[in-house]
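In: Coordinates for the following, if possible.
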Amino acid sequence: MSNSYHKNLVFTAACIGMCFFGVSMITLGSVLPALVSKLGLSGLQATSLVTFLPLGMLIGSVIFGPIVDRFGHKALLVPGCIIVLLGVEGLIFFRSVPLLQVSIVGIGLGGGILNGETNALVSDISGESEKGSRLSFLGMFYGLGALGIPSLLGILSEYYSFETILQGIGFIMLAGILFCIPVRFPTPKQAQGFPVKEGLGLLKESALLLLSLVLFFQSGIEGVCNNWSTSYLGRMTDIPANRALIVLTCMVAGLTIARMLQILIFKKVQPAKVLPYSLILTAIGFGLLTASPGFLRAATGMVLIGMGLSPTYPVILSILGTRYPALSGTAFSIALAIALVGQTCMNGLMGMISVYDNGIALYPYMMIGSLVVMLIIFLRVPRKR
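Out: Reported below is the predicted structural model:
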């Protein structure tokens, strides 16, 4: 079977897929208040909808790796995009809670598939020296997808309903899918059959498990930032709610800008050397959030947090792609599944802490402690044999 493909077209398809992942992560949170109002949902029903997104993402993150290694990237990239699109359309047309739950599982499932699939694809088509910069470029499109939904809803909601806006976004997503369909992708790496023994053997690899633990805390920190920053600012500072939301978007803006800079930095500096300094920068950002910060200090802190967190996924995934090239999809699947478990655990822990008087005040200190653990784990990763 011929393995000829156009590298730039494949990379563009991966960027489209990553944009879909950004959409999958932010759409539900952006339209949930409108859904609650439209359907008259109770607080319990709204909470039940939210819990289905990480469930779908965990399933997608677990299954994509072996499928990609066995059947190739096209087997999942286009279907993953279609699943996300159908899930978004379900938010428009479905009115019953069970059908909305199915849609949200679909959004999470497609997003989980695309997160791992696109990173594995870019890793596979990139040389060792360019993995870090290309994965950073790819990650920039997550920011574009994640920022695009709330921005369009914020700008256009004065004139159109959220259903009309999502339908317009759906046509743009459909155009992206139509672009990806005819693109020729690399052939499967395990076309003769998935090596089950070798795949299970990855679970014994200390380097893979340590690097996955780094993503465990990284994903947890991002999740806690997204879900608890506005609560922390609302209870521990005098920043009004509308400005607290601006502070939160500063993190995504900082992450997106930093990934643009990393495209150049990683061409000149080995990505693994950047990560320890970025974790220190993140800790400084959380330090600025302590002691009841004002708006400017909080916004600056969140920009630094976004910039500091930005290289972790490109660095860790580039290392995994280099260490395990024959089973990169499976290695990514293991790492991303562990990362999602970290997000769930740390969000749950923060929730338990926050119920106590001034427990939310521990938020920045908990994040700084997690960053210290990340740094220790990363420095203990054995060098490549």
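
In: you'd agree Tyr228 is up against Ser354?
Out: Wrong residue type there; residue 228 is Trp, not Tyr. Yes. In this structure, Trp228 is within contact of Ser354 by Cβ atoms under 8 Å, at 7.2 Å. Where you see a C-beta, it was placed from the backbone N, CA and C, and this is true even at glycine.

In: quick one, which of these two is more surrounded?
Out: More crowded of Trp228 and Ser354, by other Cβ atoms under 10 Å: Trp228, with 20 against 17.

In: Please identify which helix or strand holds the more buried one.
Out: If you go by DSSP states H and E, Trp228 is part of helix 206-236.

In: Which positions in that helix come out as buried?
Out: Applying a neighbour-count criterion of 16 or more other Cβ atoms under 10 Å, one finds 207-230, 232-233, 236 buried in helix 206-236.

In: any common contacting residues for Trp228 and Ser354?
Out: Between them, Trp228 and Ser354 share these contacting residues under Cβ atoms under 8 Å, 6 or more residues apart in numbering: 360, 363.

In: any idea how far Tyr324 is from Leu208?
Out: Distance of Leu208 to Tyr324, given as Cβ to Cβ, to the nearest Å: 7 Å.

In: What of Leu76?
Out: To Tyr324, Leu76 is 18 Å away according to Cβ to Cβ.

In: Who has more neighbours out of the two?
Out: Counted by other Cβ under 10 Å, Leu76 and Tyr324 do not tie: Leu76 has more neighbours, with 27 against 20.

In: just the CA coordinates of the host helix or strand of the more buried one, formatted as CSV?
Out: Using DSSP H and E, Leu76 sits in helix 74-93. The C-alpha coordinates for helix 74-93 follow below in CSV (Å, rounded to 0.1, in the frame of the first residue of the first chain):
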residue,chain,number,x,y,z
LYS,A,74,-8.3,8.8,8.8
ALA,A,75,-10.4,6.1,10.5
LEU,A,76,-11.0,8.4,13.4
LEU,A,77,-10.2,12.1,12.4
VAL,A,78,-13.2,12.6,10.1
PRO,A,79,-15.6,10.5,12.2
GLY,A,80,-14.5,12.3,15.3
CYS,A,81,-15.3,15.7,13.7
ILE,A,82,-18.7,14.4,12.5
ILE,A,83,-19.5,13.2,16.0
VAL,A,84,-18.7,16.6,17.5
LEU,A,85,-20.8,18.3,14.9
LEU,A,86,-23.8,16.0,15.4
GLY,A,87,-23.5,16.6,19.2
VAL,A,88,-23.6,20.4,18.7
GLU,A,89,-26.6,20.1,16.5
GLY,A,90,-28.3,18.0,19.2
LEU,A,91,-28.0,21.0,21.5
ILE,A,92,-30.1,23.0,19.0
PHE,A,93,-32.9,20.5,18.2
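
In: What residues of it count as buried?
Out: 74-85, 87-92.

In: which helices and strands sit right next to it?
Out: helix 7-39, helix 43-71, helix 97-125, helix 162-180 (3 or more Cβ pairs under 8 Å, 6 or more residues apart in numbering; DSSP states H and E).

In: re earlier: if you compare the directions of the helix holding Trp228 and helix 43-71, what angle comes out?
Out: 160 degrees (axes from the mean of the first three to the mean of the last three Cα atoms, to 10 degrees).
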